[in-house]
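Trainee: Sequence and computational prediction follow.
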Amino acid sequence: MTLFDTDIVIAGAGPAGLAAACVLGTEGHRVTLIDPAPPVTCEADAGADLRTTALLQPARDLLATAGAWDGLTASATPLWTMRIVDAAGAAPVSRDFEARDLSDRPFGWNVPNWALRDALLSRVMALDTVETRFGRSVTGLLQRTSGARVTLSDGSRLTARLVLACDGKNSPLRRMAGIGVRRVDYGQTALVFVVGHDLSHNDVSVEVHRTGGPFTLVPLPDRDGMHRSSVVWMDGAAQQANRMSMDAEAFTAQVQDRSADVMGPLRVLSDRAAWPITSALAERWTGRRFALVAEAAHAMPPIGAQGLNTSLKDVAALRDLGGTSEIGSDGMLDAYARSRRADVAFRMAGIDLLNRSSIAGLAPVQALRGKGLALLHDLAPLRRATMRLGLGSGTG
């Protein structure tokens with residue numbers, strides 16, 4: 001009988017890797033979590049990652065089962081309504097998609113990324129099934145039918161039943177496993193910042209489409225008597241580079257114009273951060289005793305809250321399969337690859353179509369987009385099916 005140092009090695013302690021360690025460790029598997037960076041916690045969002053993540057119902061339930069949700073409740077803003085506005089025409093088209101059409105719970109909860117990391121890290125540290133090796137990276141990977149072995153940057157070695165690559169869209173472990181990736185560069189950049197506004201967001205997330213990419217306002221908790229939202233603004237890389245260098249007054253004027261005044265007058269409350277918009281899909285997801293998870297397997301533009309939520313569906317699939325199959329077996333990994341790749345490919349195709357239609361400046365495309373939005377919303381069965389799909393209740 002083969003003896004292993006650990007059941008599962010997880011490379012990468014970003015949100016997906018931390019979540020995988022929480023979920024799989026809570027299931028009783030011995031987990032070793034490895035990351036080259038030391039653990040960093042943030043007691044406030046000043047100076048931290050400005051991005052936020054909308055955790056949809058399935059993601060919230062997964063984290064609750066893993067004992068990580070309680071640490072997020074104070075920072076989470078419920079998302080009861082998703083409002084989509086097509087502002088390309090003379091008469092904007094606006095439709096609200098209401099969570100109450102489906103259940104008595106919000107679509108999801110918007111959480112600052114720094115708070116998400118803190119809650120997940122705190123839960124990881126509390127689990128006696130999880131060992132952390134921060135400040136070290138994986139430098140070698142040996143895959144065999146009987147198990148896998150990783151070599152770390154400090155020279156130590158670990159044997160495991162399964163190695164999970166949660167190390168991001170430029171995954172070193174993916175390269176070590178000899179797995180290629182297909183990429184799409186949209187020529188866009190996302191600007192991320194926080195705004196204040198006089199109008200209450202009323203737990204409504206608003207996605208405004210015109211040209212260049214969507215402009216999305218996601219609710220944040222009020223602070224110092226001010227209503228606040230996090231903004232993700234996607235547009236051409238050259239235009240965004242110019243906006244990053246603008247003074248505050250000029251930048252605020254452009255933000256106001258692009259928002260189509262959906263929240264009234266806006267005040268930019270934070271610095272700006274910029275992120276390139278690309279998508280990536282691994283050519284295969286698994287190898288012997290090895291699996292890609294989250295952005296190591298798939299990355300997509302930040303539209304429809306599909307990014308991390310899709311990654312957490314990877315984690316949920318591994319949890320479920322680990323309860324019915326031998327950890328790291330060919331049967332488990334084949335089932336994981338089949339189920340997750342099909343779901344991800346479907347979602348990525350939809351996001352790609354929506355993003356390209358938002359980029360397009362052609363009047364016929366914009367007119368068709370507005371009519372499609374109205375049709376999607378106004379036919380009740382189609383509206384509810386679309387919302388269920390967005391939450392992860394189906395793959396189409």
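Mentor: Here it is on my side, so go on.
Trainee: Let me see the mean pLDDT of the helix or strand containing Leu354.
Mentor: For Leu354, the element it lies in under DSSP states H and E is helix 330-359. Mean pLDDT, computed over helix 330-359, is 86.
Trainee: mind listing what's buried in that helix?
Mentor: 332-333, 335-337, 339-341, 343-344, 347-348, 350-352, 354-355, 357-359 (16 or more other CB atoms under 10 Å). In short, each C-beta sits where N, CA and C put it, glycine included.
Trainee: and that helix, what does it pack onto?
Mentor: strand 181-197, strand 273-282, strand 286-287, strand 290-292, helix 307-322, helix 363-378 (3 or more CB pairs under 8 Å, 6 or more residues apart in numbering; DSSP states H and E).
Trainee: what do you get if the cut-off is 6 Å, keeping everything else the same?
Mentor: helix 307-322 (3 or more CB pairs under 6 Å, 6 or more residues apart in numbering; DSSP states H and E).
Trainee: Can you list the neighbours in contact with the helix it packs on?
Mentor: 15-16, 19-20, 23, 27, 53, 56, 59, 62, 293-294, 332, 335-336, 339-340, 392 (CB atoms under 6 Å, 6 or more residues apart in numbering).
Trainee: Just the buried subset of these, please.
Mentor: Judged by 16+ other CB under 10 Å, buried ones among those: 15-16, 19-20, 23, 27, 53, 56, 59, 62, 293-294, 332, 335-336, 339-340, 392.
Trainee: Pairing partners for Asp96 in the sheet, please.
Mentor: Using DSSP bridges, the bridge partners assigned to Asp96 are Arg83.
Trainee: Could you count how many residues lie near Val208?
Mentor: By other CB atoms under 10 Å, the residues close to Val208 number 24.
Trainee: my guess is it is in a strand, correct?
Mentor: Yes. With DSSP: H, G, I helix; E, B strand; the rest coil as the criterion, Val208 is assigned to a strand.
Trainee: Can you find the helix or strand in the protein with the smallest mean pLDDT?
Mentor: Lowest on mean pLDDT, DSSP states H and E among the helices and strands of the chain sits helix 363-378, with a mean of 51.
Trainee: measure the spatially closest residue to Leu63 that is not a sequence neighbour to Ser270 for me?
Mentor: Of all residues not flanking Leu63 in the chain, Trp69 sits nearest, at 4.5 Å (CB to CB, 6 or more residues apart in numbering). From Trp69 across to Ser270, the span is 26 Å (CB to CB, to the nearest Å).
Trainee: go on, Thr286?
Mentor: Thr286 is 40 Å from Ser270, by CB to CB.
Trainee: so where's this structure uncertain?
Mentor: 1-2, 40-50, 89-90, 304, 357-396 (pLDDT under 70).
Trainee: So between Thr286 and Ser270, which is more surrounded?
Mentor: Taking other CB under 10 Å, Thr286 and Ser270 do not tie; Thr286 has more neighbours (24 against 17).
Trainee: So that one versus Leu142, what's the distance?
Mentor: 16 Å.
Trainee: before we move on, what about Ser229?
Mentor: Ser229 is 48 Å from Leu142, by CB to CB.
Trainee: now do Leu191
Mentor: 43 Å.
Trainee: neighbour count winner among those two?
Mentor: Leu191 (21 against 15).
Trainee: Run through the bridge partners of the closest residue to the more buried one other than its chain neighbours.
Mentor: Among residues not flanking Leu191 along the chain, Trp233 sits closest, at 4.6 Å (CB to CB, 6+ apart). On the basis of DSSP bridges, Trp233 is bridged to Leu191, Phe215.
Trainee: you'd agree Trp233 is up against Thr216?
Mentor: No. Using CB atoms under 6 Å as the test, Trp233 is too far from Thr216 to be in contact (7.6 Å).
Trainee: ok, Trp69 - how many residues close by?
Mentor: 19.
Trainee: gap between it and Asp118?
Mentor: Applying CB to CB to Trp69 and Asp118 gives a distance of 13 Å.
Trainee: Can you tell me who Ala282 pairs with across the strands?
Mentor: Residues in beta-bridge contact with Ala282 (DSSP bridges): Val181.
Trainee: Please list all residues in contact with Ala299.
Mentor: Ala299 touches 169, 279-280, counting by CB under 6 Å, 6+ apart.
Trainee: Drop anything exposed from those.
Mentor: 169, 279-280.
Trainee: Of these, which is the nearest to His201?
Mentor: Set against His201, the nearest of the buried ones among the contacts of Ala299 by CB to CB is Ser279 (28.7 Å).
Trainee: JSON lines please, covering the contacts of Ala299 and showing distance to Ala87.
Mentor: Converted to JSON lines, the contacts of Ala299 look like this (distance: CB to CB, whole Å):
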{"residue": "Lys169", "distance to Ala87": "31"}
{"residue": "Ser279", "distance to Ala87": "25"}
{"residue": "Ala280", "distance to Ala87": "30"}
